[in-house]
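Novice: generate a structure from the sequence data that follows.
(one chain, ligands or ions: 3)
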Amino acid sequence: MISVSGKRDYKGQVIFLYEDDSSYIPDEVLEARNISSTLEGKLYSVTNIYISNKFYVIVGLGGYRDLDMKKLKSVVAKSVKQMKKAGIEEYGMDITPFIQRFDSQCLFHLVEGIKLGNYEFYGYKTDKKEYDYTVFLQGIHKDINQIKEIIHKAENIVDGIIIARDLVNAPANRLTPELLSQEVILLGDKAGFEVEILKEDELEELNMKAFLTVGSSSGNSPRLIVIRYNGNSTSDKVAGLVGKGVTCDTGGYCLKASNTMGGIKGDMAGGAAVIGAIYGLAMNKVKTNVVGIIPACENRISRESYIPGDVIDSMSGKTIEIINTDAEGRLILADAITYGIKVEGIDKVIDIATLTSAVVAALGFTTTGVLTNNTEFYDKLIKASEKSGEQFWRFPIYDEYRDMLKSDIADIKNMGKDYLGTVTAGLFIGSFAEKLPWIHMDIAGTAWVNPPVFQYQSEGATGAPVTSLYFLFGMGDE
Ligand code: BES
Ligand code: ZN
Ligand code: ZN
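Specialist: Ligands and ions are numbered 1, 2, ... in the order given. Now for the predicted structure:
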């Protein structure tokens, strides 16, 4: 829990220290300096000291001018991890250095650092003991009520990240398409969004053949999860957020040779991000309309499974030649986008998916790959990313790239050759977006980290790109 006011005497105290700004050095630090000469404020340096029975965590911030929001959330996460390790459940945190530098602008990243630094996937251990903490923020002297409101809203957004992380970290047998649907219904009740779950017979009626083809590979049948959040009744515009929801990707008959856990059980991270982002928007009652569309299914081997060489149908009417059954994400997303256009009347679309290992080779674990047909829309995403601190990079689209998906026997094929895996996968999906403004996010590198890259991450799911999606719609100009 994060508290803005309250008790004054705690068992622990977090202090942040700039390297080059001595205008704010608390007495405790001066005292501690007599004990530890390492207190110079170097970025990410940590000193843990007991002074008169109180546990101090002193964390360096580096240069006053060099501190930015990403570093801020990392130093905060680092500090709370020390308290957690020491088993201290109530402690003060003096945020004067952040307020001095950034005013209330720092609050979102502060809350993110605290909550994500403390995040742990407790899993299914029978003797789990959850760490229950309260951080008392110090150094806020004016506009207390306004600040409490900002912190409250930030907590709702970060809860959306945590929801996404928990869903992605859950193993496939504990989160089948049906179980995922049940979770979303519960979240809808809490946050106030509408949820509709479409089962196989309804998917048949809609002719969602590409989605059904992948889903038929498993005894755990597919579900189309539709989330409607209408926060702006004065507008009839609605954006489609389409998230890949493969709760288990074995590769199908093109069985994965070897894989990471994230690649198999985390293949619904796009869907989880959609759920987390809409949760934040609904909790904060943001004035916008979005529909989340999550095709949830498994990609396994069964008697009914599709195989390379098959030609399948899709809801759009286009036929698809299957080159590789492990390129399943684009098939289900194609139908989900068509559903968004034909049934939900979306006016723009963002698809989010753990789609290609090629994006990891290109951009690593910290940057999401993007394709888009609309620079204005992309500019909005970049503005949102400046608020979220998440990184995106746009891939080029040239005509000859589109040719790589031409099939001799069907309208399109599900995999190109000659490299360029991220671009061809994105272009396959984009060809179903018709003329709508479209952004494609390939989060195969950013949704899962092992080991973590930043202090505010832990091994496993990251919750990317919940915050960027939130700010894309939650900045007030939608
Ligand atoms: N879900 C995977 C992509 C993936 C790989 C995500 C590793 C996270 C970690 C996707 O369905 C897949 O298997 N893609 C193939 C496509 C190829 C067969 C054209 C890939 O990228 O190898
Ligand atoms: Zn796959
Ligand atoms: Zn996949």
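Novice: apart from its neighbours in sequence, what residue is nearest residue 365?
Specialist: Excluding the flanking residues, the one nearest residue 365 by C-beta to C-beta, 6 or more residues apart in numbering is residue 445, at 5.0 Å. Just so you know, the C-beta spots here come from the backbone N, C-alpha and C atoms, and that holds for glycine as well.
Novice: residue ranges with poor pLDDT in the chain?
Specialist: Scanning the chain with the threshold set as pLDDT under 70 gives 6-7, 33-38, 258-262, 476-478.
Novice: for ligand 3, what's its nearest residue on it.
Specialist: residue 249 (3.8 Å; C-beta to the ion).
Novice: the helix or strand containing residue 333 close to ligand 3?
Specialist: Here residue 333, judged by DSSP states H and E, is contained in helix 329-339. Yes: using C-beta under 5 Å from the ion, helix 329-339 reaches ligand 3 at residue 329.
Novice: buried sites along that helix?
Specialist: Neighbour-count burial for helix 329-339, counted by 16 or more other C-beta atoms under 10 Å, picks out 329-339.
Novice: again with stretch 264-284
Specialist: Applying 16+ other C-beta under 10 Å to stretch 264-284 flags 264-284 as buried.
Novice: quick check, it touching ligand 3?
Specialist: Yes: interface with ligand 3: stretch 264-284 contributes residue 267 (C-beta under 5 Å from the ion).
Novice: can I get that stretch in PDB? Just the C-alpha atoms.
Specialist: Output in PDB follows, covering the C-alpha atoms of stretch 264-284 (Å, rounded to 0.1, in the frame of the first residue of the first chain):
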ATOM      1  CA  ILE A 264       4.900 -21.300 -24.900                       C
ATOM      2  CA  LYS A 265       2.800 -20.200 -21.900                       C
ATOM      3  CA  GLY A 266       3.300 -16.500 -22.500                       C
ATOM      4  CA  ASP A 267       1.900 -16.400 -26.000                       C
ATOM      5  CA  MET A 268      -1.200 -14.600 -24.700                       C
ATOM      6  CA  ALA A 269       0.700 -11.600 -23.600                       C
ATOM      7  CA  GLY A 270      -0.900  -9.400 -26.300                       C
ATOM      8  CA  GLY A 271      -4.300 -10.300 -25.000                       C
ATOM      9  CA  ALA A 272      -3.200  -9.800 -21.400                       C
ATOM     10  CA  ALA A 273      -1.900  -6.300 -22.300                       C
ATOM     11  CA  VAL A 274      -5.300  -5.400 -23.800                       C
ATOM     12  CA  ILE A 275      -7.100  -6.600 -20.600                       C
ATOM     13  CA  GLY A 276      -4.600  -4.700 -18.400                       C
ATOM     14  CA  ALA A 277      -4.900  -1.500 -20.400                       C
ATOM     15  CA  ILE A 278      -8.700  -1.500 -20.500                       C
ATOM     16  CA  TYR A 279      -8.800  -2.300 -16.800                       C
ATOM     17  CA  GLY A 280      -6.800   0.900 -16.200                       C
ATOM     18  CA  LEU A 281      -9.000   3.000 -18.500                       C
ATOM     19  CA  ALA A 282     -12.200   1.800 -17.000                       C
ATOM     20  CA  MET A 283     -11.000   2.200 -13.400                       C
ATOM     21  CA  ASN A 284     -10.000   5.700 -14.100                       C
END
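Novice: OK, contacts around residue 280?
Specialist: Residue 280 is in contact with 156-157, 159-160, 466, 470, 474, counting by C-beta atoms under 8 Å, 6 or more residues apart in numbering.
Novice: quick revisit: and the helix holding residue 333, what does it pack against?
Specialist: Helices and strands touching helix 329-339, by 3 or more C-beta pairs under 8 Å, 6 or more residues apart in numbering; DSSP states H and E, are helix 209-215, strand 239-243, strand 245-249, strand 289-299, strand 348-353, helix 421-430.
Novice: alright, I will stop here.
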